[in-house]
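Participant: 3D, please:
(one chain, ligands or ions: 1)
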Amino acid sequence: MAPPPSFVRPTVREMEGYTPGEQPGAGERVVKLNTNENPFPPSPKVMQAIAAIEPEQLRRYPNATGEAFCQAAASMLDVGSDMILTGNGSDDVLAVAVLTFLSPGDTLAYPHPTYSLYPVMAELDEVKTAEVPWERDWSLPIDALLAAKPRAIFLANPNAPSATFVSPQRIEELCKKFDGLVLIDEAYVDFADDNCLPLVREYENIVITRTLSKAYSLAGLRFGYAVARADVIKEMNKARDSYPCDAVSVAAATAAVLDQEYARKTWEHVKSERNRVSSELTQMGWKVLPSHANFILASVPDGRGRDAYLGLKRQGILVRYFDKPGLSDKLRITVGTSQENNALIGGVKALTATEKAA
Ligand SMILES: Cc1ncc(COP(=O)(O)O)c(C=O)c1O
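Facilitator: Numbering: from 1, shown residues only. Predicted coordinates:
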């Protein structure tokens, strides 16, 4: 391949960029359990809100802060609407956080492994990273994080790809010892039993990010938000895009959070299927970490993660494989519909049968 153009920033030239999960082509029939999407369609009210968009809403620029969404989310979360910042997916909100809180040369620390976008964002802004290994039982390595002398700490909770959860009490211990930014990425929190929202009221250095991609079945829409003290959100507003969310996405996202009853039904289904898939895989000799998210991290019995990933792919089942230290014997599997999960379980059984025959 030709070298990158010389007029590109050296940082960008040298970086690899983020590798997203595979997206099958249009019309390709696969069981897609690789990018932690919600297996159900969005609420019918979301589709109605999109259908009701007037041409005038497209001709004009949208409301710059996504005010309608902020109002709806504020009443759902019982916070002020000035405590919410909207973004084009929570990835966008995370990028705004890096820009707002970290200068080139500062250190961003996070427990590792975690969401693989964090180092990419840091690198882009010439921020150093300290990847601090989780404790052996996936508990929060508070002292090691602080020892890195970071300016900010990011914590995905529940974490990806482990699906493990750190209690708000333990996170509060960190907040008591650290006065830099603590960003808690709650992309999967609706599938967990607790969350860190109450900490925002207690500590001014906490930012929580959330997304409508998972819990509200809107990954294709791109809508995420942050919750923090109003004075913190005010600063983040200076670092965001001028109109991060378009009129259609604001209307759809607002309808989604207003239909809690629908969303909650999807969460309950995912949680019960998560238990079923975890116990089926365990019975087949896989080790499954207790999951607090809409996916599981499972160790393949013979340790050959890549072979299992490829074997499932040949059967039309896509899961996520990370060729990284500590993860190469594992697969990250999104919880799907009952039918999709049956296909996965059947696929794993077929893998085992092929192995026995070989
Ligand atoms: C931990 C974590 N945070 C954030 C995101 C991004 O979510 P969004 O679709 O809102 O950009 C993901 C997506 O997979 C994730 O795993």
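Participant: pull out the CA atoms of the helix or strand encompassing Tyr118 and give them to me as CSV.
Facilitator: Assigned by DSSP states H and E, Tyr118 falls within helix 117-124. Below are the C-alpha coordinates for helix 117-124, written out as CSV (Å, rounded to 0.1, in the frame of the first residue of the first chain):
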residue,chain,number,x,y,z
LEU,A,117,-12.0,3.5,21.1
TYR,A,118,-10.5,5.2,24.1
PRO,A,119,-6.9,5.0,23.0
VAL,A,120,-7.8,6.0,19.5
MET,A,121,-9.5,9.2,20.7
ALA,A,122,-6.6,9.9,23.1
GLU,A,123,-4.0,9.4,20.3
LEU,A,124,-5.9,11.7,18.0
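Participant: quick one: the helix or strand just after that helix to chain centroid distance?
Facilitator: Toward the C-terminus, helix 117-124 is succeeded by strand 128-133 as the next helix or strand (DSSP H and E). Distance of strand 128-133 from the chain centroid (Cα atoms, centre = their mean, to the nearest Å) equals 19 Å.
Participant: note down every partner strand of strand 128-133 and its orientation.
Facilitator: Note on strand 128-133: by DSSP bridges, its sheet partners are strand 107-112 (parallel).
Participant: tell me if the partner strand is near the ligand.
Facilitator: No - residues of strand 107-112 are not located near the ligand by Cβ under 6 Å from any ligand atom, the shortest gap being 10.6 Å. Just so you know, the C-beta spots here come from the backbone N, C-alpha and C atoms, and that holds for glycine as well.
Participant: any idea of the angle the helix holding Tyr118 forms with strand 128-133?
Facilitator: 160 degrees (axes from the mean of the first three to the mean of the last three Cα atoms, to 10 degrees).
Participant: how deep is the closest residue to Leu181 other than its chain neighbours tucked in, by neighbour count?
Facilitator: Closest residue to Leu181 apart from its sequence neighbours, by Cβ to Cβ, 6 or more residues apart in numbering: Ala152 at 4.0 Å. When neighbours are counted by other Cβ atoms under 10 Å, Ala152 registers 23.
Participant: dig out what Ala152 forms beta bridges with.
Facilitator: Assessed by DSSP bridges, Ala152 has beta-bridge partners Leu108, Leu181.
Participant: for Gln23, see how far away it is.
Facilitator: Distance, Ala152 to Gln23, using Cβ to Cβ, to the nearest Å: 31 Å.
Participant: swap in Pro198?
Facilitator: 37 Å.
Participant: for Arg304, same thing?
Facilitator: Distance from Arg304 to Gln23, by Cβ to Cβ: 25 Å.
Participant: helix, strand, or coil at the spatially most central residue of the chain?
Facilitator: Centroid check for the chain by Cα atoms, centre = their mean gives Ala187 as the closest residue, at 4.2 Å. Secondary structure, DSSP: H, G, I helix; E, B strand; the rest coil: Ala187 is coil.
Participant: who's in contact with it?
Facilitator: Ser90, Tyr115, Ala156, Ala160, Thr209, Arg210, Thr211, Ser213, Lys214, Gly224 (Cβ atoms under 8 Å, 6 or more residues apart in numbering).
Participant: just Val257 next, same as before
Facilitator: The neighbourhood of Val257, defined by Cβ under 8 Å, 6+ apart, consists of Phe69, Ala72, Ala73, Met76, Leu212, Tyr216, Ala263.
Participant: quick one: it is in a helix?
Facilitator: Yes - with three-state DSSP as the criterion, Val257 is located in a helix.
Participant: what count of nearby residues applies to the nearest residue to Pro24 once chain neighbours are set aside?
Facilitator: Closest residue to Pro24 apart from its sequence neighbours, by Cβ to Cβ, 6+ apart: Val30 at 4.9 Å. Using other Cβ under 10 Å, Val30 has 16 other residues around it.
Participant: where does the protein dip in pLDDT?
Facilitator: Residues of the chain meeting the criterion pLDDT under 70: 354-358.
Participant: show me which residues of it sit near the ligand.
Facilitator: 36, 89-91, 115, 156, 160, 185, 187, 211, 213, 219, 224.
Participant: make a markdown table from those and add distance to Ala122 and secondary structure to it.
Facilitator: Shown next, in a markdown table, are the residues of the chain next to the ligand (distance: Cβ to Cβ, whole Å; DSSP: H, G, I helix; E, B strand; the rest coil):
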| residue | distance to Ala122 | secondary structure |
| --- | --- | --- |
| Asn36 | 22 | coil |
| Gly89 | 18 | coil |
| Ser90 | 16 | helix |
| Asp91 | 13 | helix |
| Tyr115 | 12 | coil |
| Ala156 | 14 | strand |
| Ala160 | 17 | coil |
| Asp185 | 14 | strand |
| Ala187 | 18 | coil |
| Thr211 | 20 | strand |
| Ser213 | 22 | coil |
| Ala219 | 24 | coil |
| Gly224 | 18 | strand |
